[in-house]
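*Asks:* model the structure of this input:
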Amino acid sequence: WVYGNTVISNTAHPMYTELVIRGEPNKPGFLLEIATVMSAIGATVHAMTIQGDEAFECAPECPAMFDHDFSSMGRCFRFLLAESSTGSKLSAGRVASVLYTLDLVAGKGYQP
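*Replies:* Residues are numbered from 1 along each chain as shown. This next block holds a predicted model:
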């Protein structure tokens, strides 16, 4: 699933759902808001990477960050997620919840 600067994949990792957010809104507390979203939808974060600039040597498991323009877009976030109740990859319904809620958090969406 791709929506704006957010990519969610159930095929990028053998055990977990991968969430990559390329860039961030210009406001403090974005990481806390992401963590709140994950908790609210019932997802467990098993691993996370934040990369702030291209000078940092990115781990090989973060290929989505290799061509990111940090000077114009800001930091890049990568999460490996699973459903809290089952430990399985996120269902399509939970993915839709993540995309909708992250859009609200980033200030681009609105509630009906």
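
*Asks:* and L32, which of the three is it?
*Replies:* Assigned state for L32: helix (three-state reduction, DSSP: H, G, I helix; E, B strand; the rest coil).

*Asks:* thought S97 was touching I8?
*Replies:* No: under the criterion of C-beta atoms under 8 Å, S97 is not in contact with I8, lying 10.8 Å apart. Where C-beta positions appear, they are placed from N, C-alpha and C, glycine not excepted.

*Asks:* so the two - more neighbours on which side?
*Replies:* I8 (24 against 17; other C-beta atoms under 10 Å).

*Asks:* residue contacts, the closest residue to the more buried one other than its chain neighbours?
*Replies:* For I8, ignoring the flanking residues on the chain, the nearest one in space by C-beta to C-beta, 6 or more residues apart in numbering is W1 at 4.5 Å. W1 makes contact with V7, I8, S9, V95, L99, according to C-beta atoms under 8 Å, 6 or more residues apart in numbering.

*Asks:* ok, and the most crowded of these?
*Replies:* The residue in the contacts of W1 with the most neighbours, by other C-beta under 10 Å, is I8 (24 neighbours).

*Asks:* that older thread, out of the contacts of W1, which is nearest to S84?
*Replies:* The closest of these to S84 turns out to be V95 (C-beta to C-beta; 14.7 Å).

*Asks:* wait, is the closest one part of a helix?
*Replies:* Yes: read with three-state DSSP, V95 is one of the residues of a helix.

*Asks:* look up how far T17 lies from it.
*Replies:* As judged by C-beta to C-beta, to the nearest Å, V95 and T17 stand 7 Å apart.

*Asks:* now do the shared contacts for the two.
*Replies:* I8.
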